[in-house]
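> no FASTA, just this:
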């Protein structure tokens, strides 16, 4: 989500809109596990934007280990 400008990262903090997801990746993951509606909204936006990315770009990202 960060690479697509859906989730913001400022220092160690992750946020989505006005919502702080957590300090550090693990805390953000815990927040999203505890707030499935927010996680689903972010996932939908990522999928929407990734649909506009060519398959070759997706393959490149997967092969390079990007998230």
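Received, thanks. Everything numeric in this text was worked out from a predicted model, so none of it was measured.
> wait, is residue 28 part of a helix?
Yes. Assessed by DSSP: H, G, I helix; E, B strand; the rest coil, residue 28 belongs to a helix.
> isn't it right up against residue 21?
Yes. If you go by Cβ atoms under 8 Å, residue 28 and residue 21 touch, sitting 4.0 Å apart. Where C-beta positions appear, they are placed from N, C-alpha and C, glycine not excepted.
> more neighbours: which of these two?
Legend: neighbour count by other Cβ atoms under 10 Å for residue 28 and residue 21, higher for residue 21 (25 against 22).
> helices or strands up against the one helix or strand that one maps to?
Using DSSP states H and E, residue 21 maps to strand 19-23. Packed against strand 19-23 by the contact rule (3 or more Cβ pairs under 8 Å, 6 or more residues apart in numbering; DSSP states H and E) you find strand 13-16, helix 25-34.
> now do 10 Å
strand 8-10, strand 13-16, helix 25-34, helix 36-50 (3 or more Cβ pairs under 10 Å, 6 or more residues apart in numbering; DSSP states H and E).
> what average pLDDT does the shortest one get?
So that's strand 8-10. If you average the pLDDT over strand 8-10, you get 95.
> what's next to stretch 28-43, contact-wise?
Contact with stretch 28-43 is made by 1-2, 4, 6-7, 9, 12-17, 19-22, 24, as judged by Cβ atoms under 10 Å, 6 or more residues apart in numbering.
> could you give the separation of that stretch from the chain centroid?
10 Å (Cα atoms, centre = their mean, to the nearest Å).
> and stretch 21-33, how far out from the chain's middle?
Its chain's C-alpha centre and that of stretch 21-33 lie 11 Å apart, by Cα atoms, centre = their mean.
> rounded mean pLDDT for that stretch, please.
The model assigns stretch 21-33 a mean pLDDT of 96.
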